[in-house]
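# Have a look at this fold, sequence not included:
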């Protein structure tokens, strides 16, 4: 009876906690085994704050014993989403002097098997990079309760499974506003890899930002259902450019390289995603929204080592720049050699808008469908 009453009390607490509005949370717990899966596209926080919630785990793991795997269905060579996870893994390895098991290009049907492989091998933390890893993580988490799994851009939670769902729509809102203020045709474009909730959310933020800046704006978007096909990305972008778009934004992994190429060939501006992609087209890629994945992963590892793992969905928002204090992990890349092409008035409005979002004077709601 006592145990039943305690369980009922815990369930009440959980329901109450879920009803609270969370905007800029970041907490990912720790436990004996954590897996982080990385998929196709702000949360942690913690230096020294640690957010604990419904399923806090107080069993820390010494650094010398911690085993981490990072898995993703993206490619580490995509110069965007997948590469950002690889760079973050290398950052963690160098900072803490241990090795992380790495596996990319995992086929979607093989996600469950891949998670089980690392859980069965005794990994403490699995970092799953990508939305598609969510449901399999819940299933594997039930079978291996001592393994902690964190799904980046996921929307799932349980006792040993947490998700980090960055408020990427705040970053894309800023890019949309930038495009809306600078367009000469009042037509801008978007190419997405697939209609995942997080990608839909990014596109919606982009549209909202453009409409905030320009009442006459037309936003043309399309989805490829293909993340690794630059030729299709180039073809889709070219079609939109022919309809008058003078800005192209992509969230399409390797396919996005084709979008950037088409924009460069047409002499219009491109906007990148997840990483600062200016080096791919220095003369035309104006900015990117960037995910501070190093900061996110570092926070997760600290939580696992300190025994502060929490099985919740965390939603970190924007930050002023990479590594800023606070909970945000989404920021805009600098203009690099293109700064002189951005009018001072536009730069001032963009800075003011960024601060207003940070101060919650302007809200950019999630739209997942």
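Looks like it arrived, so ask away. As the structure is a computational prediction, the values presented were derived from the model and not from experiment.
# C-alpha only now, for contacts and for neighbours.
Will do.
# Any regions of this protein where pLDDT drops low?
Along the chain, segments meeting pLDDT under 70 span 1-60, 62-64.
# can you map out the strands along it?
33-38, 68-72, 100-103, 125-129, 147-152, 161-164, 187-192, 218-223, 247-251, 269-274, 285-291, 313-314, 330-332 (DSSP state E).
# I'd like those as TSV, with mean neighbour count appended.
Shown next, in TSV, are those (neighbours: other CA atoms under 10 Å):
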stretch	mean neighbour count
strand 33-38	32
strand 68-72	28
strand 100-103	16
strand 125-129	31
strand 147-152	34
strand 161-164	32
strand 187-192	26
strand 218-223	19
strand 247-251	29
strand 269-274	28
strand 285-291	27
strand 313-314	28
strand 330-332	27
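# Columns distance to residue 369 on top of those, output as CSV?
Shown next, in CSV, are the strands of the chain (distance: least, CA to CA, whole Å):
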stretch, distance to residue 369
strand 33-38, 22
strand 68-72, 24
strand 100-103, 30
strand 125-129, 21
strand 147-152, 19
strand 161-164, 19
strand 187-192, 14
strand 218-223, 14
strand 247-251, 16
strand 269-274, 20
strand 285-291, 21
strand 313-314, 18
strand 330-332, 21
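# Could you say which one of these comes nearest to residue 109?
When these are compared by CA to CA, strand 68-72 sits nearest residue 109, at 12.5 Å.
# Any buried residues in stretch 88-107, and which?
By neighbour count with 16 or more other CA atoms under 10 Å, stretch 88-107 contains the buried residues 88-92, 100, 102-104, 106.
# can I assume residue 186 is in contact with residue 177?
No: in this structure, residue 186 is not within contact of residue 177 by CA atoms under 8 Å, at 11.8 Å.
# between those two, what contacts are shared?
Both residue 186 and residue 177 are in contact with residue 214, where contact means CA atoms under 8 Å, 6 or more residues apart in numbering.
# Compare those two (neighbour count), which wins?
The residue with more neighbours, out of residue 186 and residue 177, is residue 177; 24 against 20, by other CA atoms under 10 Å.
# contacting residues for the more buried one?
Counting by CA under 8 Å, 6+ apart, residue 177 touches 206, 208-214, 350.
# Redo those as a markdown table? Include distance to residue 239 and neighbour count.
Shown next, in a markdown table, are the contacts of residue 177 (distance: CA to CA, whole Å; neighbours: other CA atoms under 10 Å):
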| residue | distance to residue 239 | neighbour count |
| --- | --- | --- |
| 206 | 19 | 30 |
| 208 | 23 | 23 |
| 209 | 23 | 26 |
| 210 | 20 | 29 |
| 211 | 22 | 20 |
| 212 | 25 | 16 |
| 213 | 24 | 19 |
| 214 | 23 | 19 |
| 350 | 29 | 18 |
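# just to revisit the earlier point, of the strands of the chain, which is nearest residue 61?
Closest of those to residue 61 is strand 33-38, at 9.1 Å (criterion: CA to CA).
# ok so, going back, so for residue 343, which of the strands of the chain sits nearest?
Proximity to residue 343 (CA to CA) singles out strand 285-291 among these, at 12.7 Å.
# what angle do that closest one and strand 269-274 make?
Relative orientation of strand 285-291 versus strand 269-274 (axes from the mean of the first three to the mean of the last three CA atoms, to 10 degrees): 20 degrees.
# Just give the strands next to strand 285-291 in its sheet, each with its orientation.
With DSSP bridges as the test, strand 285-291 is paired with strand 269-274 (parallel), strand 330-332 (antiparallel).
# Switch the ones you listed over to a markdown table; also include distance to residue 364.
Converted to a markdown table, the strands paired with strand 285-291 look like this (distance: least, CA to CA, whole Å):
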| stretch | distance to residue 364 |
| --- | --- |
| strand 269-274 | 18 |
| strand 330-332 | 13 |
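# and of these, who's closest to residue 346?
Comparing the strands paired with strand 285-291 by CA to CA, strand 330-332 comes nearest, at 14.4 Å.
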